[in-house]
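**Q** Build me a model from this:
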Amino acid sequence: MDDKRDLVILGGGLVGMTLALAAASKGISSHVVDRADPAELTAVGFDGRASAISTASWNLFGNIGLASALEPFACPIERIAVSDQLKPGQIDFVPEPHEGSLGRMFENRRLRLALFEAAEQQPLIAFHPRAEVIERERGAHGVAARLRDGRTLTGSLMVAAEGRRSPTREEAGLPLAQWDYRHRAIVTGLVHDAPHGGTAWEIFYPAGPFALLPMLDDEAGNHRSALVWTVAEKDAAGTLKLGDRAFLAEVNKRMGEVLGTVTAAGPRASYPLSFQHTARIVADRLALVGDAAHGIHPIAGQGLNLGLRDVGALVEVIADGMRLGLEPGDAQLLARYERWRSLDSMSVALATDGLTWLFGVPGKAASAVRRLGMGGVQRLSPLKHWFMDEARGVSGALPELLTERY
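**A** Now for the predicted structure:
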C-alpha cells in the first residue's frame, strides 16, 4: 500500500526531526529519512557537542510538547559575557528578572533523545533511520524519494534538512554563496573547579573566538562547560594532537580564571568553519531548512536557532495553505516561506560574519578600538537590550509556534 504523506523530510537531525514534530502538531504528516543510527547519536557520555536554545526556540519546543521532557536537562544561560582577550572593557548581557534567562544549554544527545522518543509516539511521523536516498523525484503531482533498500516514499513537498552538504540542494541546482574562514572549531566538554553561575563566555582572540558554554553539573557534582575553540586551520592538527596535560594548559591559559581551573576535558572533535548562504531556499516542490539553506559561524551560537525559525515559518505557511485547500507543495506557499525567511537568515548570517572579521583584526590598536566600542555598548541600555532580544530570538516577525507557549 502506498503510504503517501504530506512531507518527505530528508534529514532527521535536530532541525529535520523538530520540523516533523512541529508539522504533526498542526495535523501535517511526514516521512523522515536519515542515514545515521539513532543509537550512535544518543550514546551515553558528554563529548562537548551542545546547543544554545533561545527563548523563541524554547517556545517552539513547548508548543510541540517537548518542554517537560527537556526541562530537567536544561542549564539556563543567566548572563553572556563578551571580552576582547580578557582585557578591561567587556560587555555583560544580563536580562531583567521578569525576562527570564537568555536561553538554555543542552547536550545535543539530550535533544535527540527527546525528539526521537516523541517521534516514536507520533503516528503522523514515519521515521526511516539508517536509510540512504539514491534517487529523488519532484513532479507536477508530488515528490518521491527512492531508498537503497528499494522502498519509495512519496509526498507533496520535499524538504532538505541534510545540513551544509545537502545533496538535495546540489541536485536541485540552487546557487550557493560561500567562503572558507580557514579556521576550525575544536569542541569538547570541560570539568572545572569553579561554578559557572550560568554565564556563557565569548572571549575573542585574534586567532578566533574561545567560547565557554554553561552546562549542568554531572551526577557527581562536577562543574561542567562546553568549549568551542576556534583555531587557524594550520594550527588545528597540532592542537588536536596535544596530550591531555598540554591541552588543559592551553585551555586554562586562554580562559584566565573565569572558571577556576579546568581539571579534565572530554574527547575532542573538530569541524571546518565556512560561510554559506543559498540565494534561493525553494524550488518546485522543494524547501530548504537549517544548514542546508544557511551555514553560519558559531560565533553567536545562533545556527540551530536560525534553523528552528525556518521550521516555525514553514509549518505555519503550510498549515495556513492547507486550511484554504492548498497542498503543501503549492508554489504560492513556498514563495511566501522564502519571502519570510530570506531577510532574517541573511541578516543573521552577515552579522555573524561581520563579528568574525571585526574581532579577527590583530594588533593593539584594533583591540583598543573594539574595547572602546564594547564599553559604549555596556553603557547604553537600549542597545544592550536590542542585542539581548536578538540573542533570545524574540525580535522581528516570528512564526506563531515561536512566539508564545500555550
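
**Q** any idea how far Asp218 is from the most centrally placed residue in the chain?
**A** The centre of the chain sits closest to Leu304, judged by Cα atoms, centre = their mean, with a distance of 1.5 Å. Using Cβ to Cβ, to the nearest Å, we find Leu304 at a distance of 23 Å from Asp218. Every residue, glycine included, has its C-beta placed from N, CA and C.

**Q** swap in Thr42?
**A** Taken as Cβ to Cβ, the span from Thr42 to Asp218 is 17 Å.

**Q** Comparing these two, which residue is more hemmed in?
**A** Of the pair Thr42 and Asp218, Thr42 is the one with more neighbours under other Cβ atoms under 10 Å, namely 17 against 12.

**Q** now that one: how far from Phe116?
**A** 7 Å.

**Q** go on, Glu135?
**A** 26 Å.

**Q** who's more crowded, the two?
**A** Using other Cβ under 10 Å, the more surrounded residue of Glu135 and Phe116 is Phe116, with 17 against 11.

**Q** didn't that one look like it was pressed against Asp37?
**A** No. Between Phe116 and Asp37 there is no contact under Cβ atoms under 8 Å: 11.2 Å.

**Q** Got phi/psi on Gly256?
**A** Backbone torsions for Gly256, taken as degrees, to the nearest 10, come to phi 60, psi -130.

**Q** Show me the beta-bridge partners of Gln276.
**A** Gln178, Gly295 (DSSP bridges).

**Q** what's the spacing between it and Ala349?
**A** Gln276 sits 9 Å away from Ala349, going by Cβ to Cβ.

**Q** Give me the pLDDT for Val361.
**A** Looking at Val361, its pLDDT is 67.

**Q** Also the one 10 residues further on?
**A** Among the per-residue scores, Arg371 shows a pLDDT of 69.

**Q** Could I get the full set of helices for this protein?
**A** With DSSP state H as the criterion, the chain has helices at 14-25, 38-41, 55-63, 67-70, 108-120, 167-172, 233-241, 244-255, 303-323, 331-360, 364-379, 381-392.

**Q** Among the ones you listed, which comes closest to His297?
**A** helix 331-360 (4.7 Å; Cβ to Cβ).

**Q** what angle do that closest one and helix 303-323 make?
**A** Between helix 331-360 and helix 303-323, the angle comes out at 170 degrees (axes from the mean of the first three to the mean of the last three Cα atoms, to 10 degrees).

**Q** And for the nearest residue to Leu70 once chain neighbours are set aside, the neighbour number?
**A** Excluding the flanking residues, the one nearest Leu70 by Cβ to Cβ, 6 or more residues apart in numbering is Ala114, at 5.2 Å. Close neighbours of Ala114, defined as other Cβ under 10 Å, add up to 23.

**Q** wait, doesn't Ala114 sit right on Ala69?
**A** Yes. The criterion here is Cβ under 8 Å, and Ala114 meets it with Ala69 at 4.5 Å.

**Q** what about stretch 87-94, average pLDDT?
**A** pLDDT averaged over stretch 87-94 gives 83.

**Q** buried stuff in that stretch?
**A** Neighbour-count burial for stretch 87-94, counted by 16 or more other Cβ atoms under 10 Å, picks out Gly89, Gln90, Ile91, Phe93.

**Q** Please name the nearest non-neighbouring residue to Arg5.
**A** Ser29 (4.1 Å).

**Q** Next, the one you found: phi, psi?
**A** phi -90, psi 160.

**Q** got a list of what it touches?
**A** Arg5, Asp6, Leu7, Ala23, Leu124, Ile125, Ala126 (Cβ atoms under 8 Å, 6 or more residues apart in numbering).

**Q** What is the burial count for the third one?
**A** Just to be clear, that refers to Leu7. 28.

**Q** Check the fifth one too.
**A** The number of residues packed around Leu124, counting by other Cβ under 10 Å, is 18.

**Q** do the second one as well
**A** For Asp6, the number of neighbouring residues by other Cβ under 10 Å comes to 21.

**Q** wait, doesn't Ile28 sit right on Ile318?
**A** Yes. Here Ile28 reaches Ile318: they are 6.1 Å apart, a contact under Cβ under 8 Å.

**Q** tell me, what's touching these two both at once?
**A** Joint contacts of Ile28 and Ile318 (Cβ under 8 Å, 6+ apart) are Asp6, Leu7, Pro328.

**Q** what's the burial count for Gly48?
**A** Counted with other Cβ under 10 Å, Gly48 comes out at 24.

**Q** scratch that, Asp193
**A** 11.

**Q** before we move on, back to that, tell me which of the helices of the chain sits nearest to Ile203.
**A** Proximity to Ile203 (Cβ to Cβ) singles out helix 244-255 among the helices of the chain, at 6.8 Å.

**Q** helices or strands up against that closest one?
**A** If you count contacts as 3 or more Cβ pairs under 8 Å, 6 or more residues apart in numbering; DSSP states H and E, helix 244-255 packs onto strand 199-205, strand 208-215, strand 223-232, strand 262-265.

**Q** Out of those strands, which is closest to Ala160?
**A** strand 223-232 (25.7 Å).

**Q** same for that closest one, what does it pack against?
**A** Looks like strand 223-232 contacts strand 176-192, strand 208-215, helix 244-255 (3+ Cβ pairs under 8 Å, 6+ apart).

**Q** which parts of it are buried?
**A** His223, Arg224, Ser225, Ala226, Leu227, Val228, Trp229, Thr230, Val231.

**Q** which one of the residues you listed is nearest Ala52?
**A** Closest to Ala52, out of all of the buried residues of strand 223-232 and judged by Cβ to Cβ, is Ala226, at 9.4 Å.
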